[in-house]
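1. I'd like to go over a predicted model; first the sequence, then the structure.
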Amino acid sequence: MLPTGAKDTQLRDNNSQKVHPQPMEETMNQNPEAVETLISKLFTNISSLKSAYIQLQTAHTPYDPENIQAADKLVISELKTLSELKHFYRENNPKPVCVSPHDSRLAAEIQEQQSLLKTYEVMVKKFQSEIQNKGSEIRQLQQQIEEASQKRVKLEKNIKLRGLSMKESEGSGEENGFFPVDLTPDLFTSAVESAFKAIHDFSKPLINMMKAAGWDLDAAADSIEPNVFYAKRAHKKYAFESHICQRMFSGFQQENFSIKLDNLTVTKESFFHQYLSLREMDPLDMLGQNPDSIFGKFCRSKYLDVVHPKMEASFFGNLDQRNYVMGGGHPRTPFYQAFLKLAKSIWLLHRLAYSFDPNVKIFQVKRGSEFSEVYMESVVKNLIMDETEQKPKVGLMVMPGFWIGGGVIQSRVYLSGMKVNE
């Protein structure tokens, strides 16, 4: 067998001739101990690689990032060792080639490096994914910190507004289910809109039940407010909304809302506290906890005032629900629950009105008053106004108005004898 240098010289001199190195069996017989050692290392490496791969699979269930990373490193280490063994074997036992052993070995090394490169690419992608996940977690934590800071600022403003010190309010607030709310005119305006919508929402089942019970709705509307000239028959629904409004807002101008308080002194802070305590609660749940509370007494008196006995008897065929309410209960019937939503919205509006300093003042518009665009808003928008004739007259007040600070929240009215633009 020629030395390596002689073989290379012969290849350079005879490029067109094939080279036939000694058979592998002959080479192995020349140094059997080295071959045996190499095979032993190979089996050991394969066993270690198998063990590392099992560790990698185990680390995925349950998912453990640290163990996965350690197992990945171990697998790569064993692959490197296997690559080194293969490289060592090729250096000492070159395969027969047709053209150039050097080119064949170079191609094998390139293929091996490409395999390693793919492994590294997988690792790089995994590390990039972990970096992105960490970045996402950091952004979420930063957002939570920012939201917490904003809540704290609002809470501090709210505490100042109510004249409470931080020490007095510690342990209250969010621990009791309250969230920072700024006592502003916008908050009251929003409560007015909610109350107006609640009146409209309760009038729907009331009118439907009257229809089902065989009531003459035209006669009923005329009995609520006679001699109102409606532009459309459908507009008579405003008579029922007006009836609900008048009864629900009766006593609103009084601090106790016409409810006996047994000489209980109520501060502005307690008014706002009552608003916060009921704002996010279901009214029936609140009454279930304390049926004889001030709010419970309010609901009881207003239900008996809004729903006439004859009306209730025609709805249900008896007065059982009315008697249950008069006895101090709060039934879980759909009709009463619909009423409680209305009662809650009016009660919250009253609690807010007396949280301000000075108090929010209510004003009502009488029938026959001239329409004023400053203090009133028509519930019907497509009216035909004739500037040459006298100003339109109020037929019904559907929602009262309010003075808050230096501003006015307009009353909602239905104008009698007007025409609408079809």
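-> Alright, I've got the coordinates. Because the structure is a prediction, the values reported are computed rather than measured. Numbers count the residues shown, from 1 in each chain.
2. Please name the residues that touch the residue lying closest to Arg279 once chain neighbours are set aside.
-> When the adjacent residues along the chain are set aside, Arg279 lies closest to Leu348, with 6.4 Å between them (CB to CB, 6 or more residues apart in numbering). Just so you know, the C-beta spots here come from the backbone N, C-alpha and C atoms, and that holds for glycine as well. Counting by CB atoms under 8 Å, 6 or more residues apart in numbering, Leu348 makes contact with 191, 194-195, 275, 278-279.
3. Against Ile244, how distant is Ala212?
-> 18 Å (CB to CB, to the nearest Å).
4. who has more neighbours, the two?
-> Comparing Ala212 with Ile244 by neighbour count (other CB atoms under 10 Å), the higher total belongs to Ile244, at 23 against 10.
5. For the chain, just list every one of the strands.
-> Using DSSP state E, the strands assigned to the chain run over residues 361-363, 376-378, 383-384, 393-399, 401-404, 407-409, 411-416, 419-420.
6. Least reliable of those strands by average pLDDT, please.
-> For these, the bottom mean pLDDT is recorded on strand 383-384, which sits at a mean of 80.
7. next one: it to chain centre, how far?
-> The chain centroid and the centroid of strand 383-384 are separated by 42 Å, computed with CA atoms, centre = their mean, to the nearest Å.
8. what comes into contact with it?
-> Counting by CB under 8 Å, 6+ apart, strand 383-384 makes contact with 231, 392, 415, 418-421, all of which sit outside it.
9. Can you pull the poorly scored residue ranges out of the stretch 101-250 of the chain?
-> Along the stretch 101-250 of the chain, the model assigns pLDDT under 70 to residues 101-105, 107-109, 111-112, 115-116, 118-120, 122, 156-180.
10. please redo it, this time with the cut-off set to 80
-> Confidence mapping of the stretch 101-250 of the chain against pLDDT under 80 gives the ranges 101-130, 153-181.
11. show me where it has helices.
-> Taking DSSP state H, counting those that start in this stretch to define them, one finds helices in the stretch 101-250 of the chain at 101-161, 166-169, 185-212, 217-224, 237-248.
12. ok, back up a step: list only those of the contacts of Leu348 flagged as buried.
-> Among the contacts of Leu348, those that count as buried by neighbour count (16 or more other CB atoms under 10 Å) are 191, 195, 275, 278-279.
13. Let me have those residues in TSV, extended by distance to Met399.
-> Supplementary listing: those in TSV, determined by distance: CB to CB, whole Å:
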residue	distance to Met399
Ala191	12
Ala195	7
Tyr275	20
Leu278	21
Arg279	21
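14. with the residues you listed in mind, which one is nearest to Lys236?
-> Nearest to Lys236 among the buried ones among the contacts of Leu348 is Ala195, at 21.8 Å by CB to CB.
15. Quick check: which of the helices of the stretch 101-250 of the chain is buried the most?
-> Of those, the one with the most neighbours on average (mean count of other CB atoms under 10 Å) is helix 237-248, at a mean of 23.
16. hmm, who's touching it?
-> For helix 237-248, contacts defined as CB under 8 Å, 6+ apart pick out 199-200, 202-203, 206-207, 220-222, 224-225, 228, 302, 305-306, 342-343, 346, 379, 396-400, 414.
17. if you set the cut-off to 6 Å instead, what comes out?
-> By CB atoms under 6 Å, 6 or more residues apart in numbering, the list of residues contacting helix 237-248 from outside reads 199, 203, 207, 221, 224-225, 302, 305-306, 346, 396, 398-399, 414.
18. what is the orientation angle of it with strand 393-399?
-> 60 degrees (axes from the mean of the first three to the mean of the last three CA atoms, to 10 degrees).
19. how far is helix 237-248 from where the chain is centred?
-> Its chain's C-alpha centre and that of helix 237-248 lie 35 Å apart, by CA atoms, centre = their mean.
20. Could you check the angle that helix makes with helix 217-224?
-> 40 degrees.
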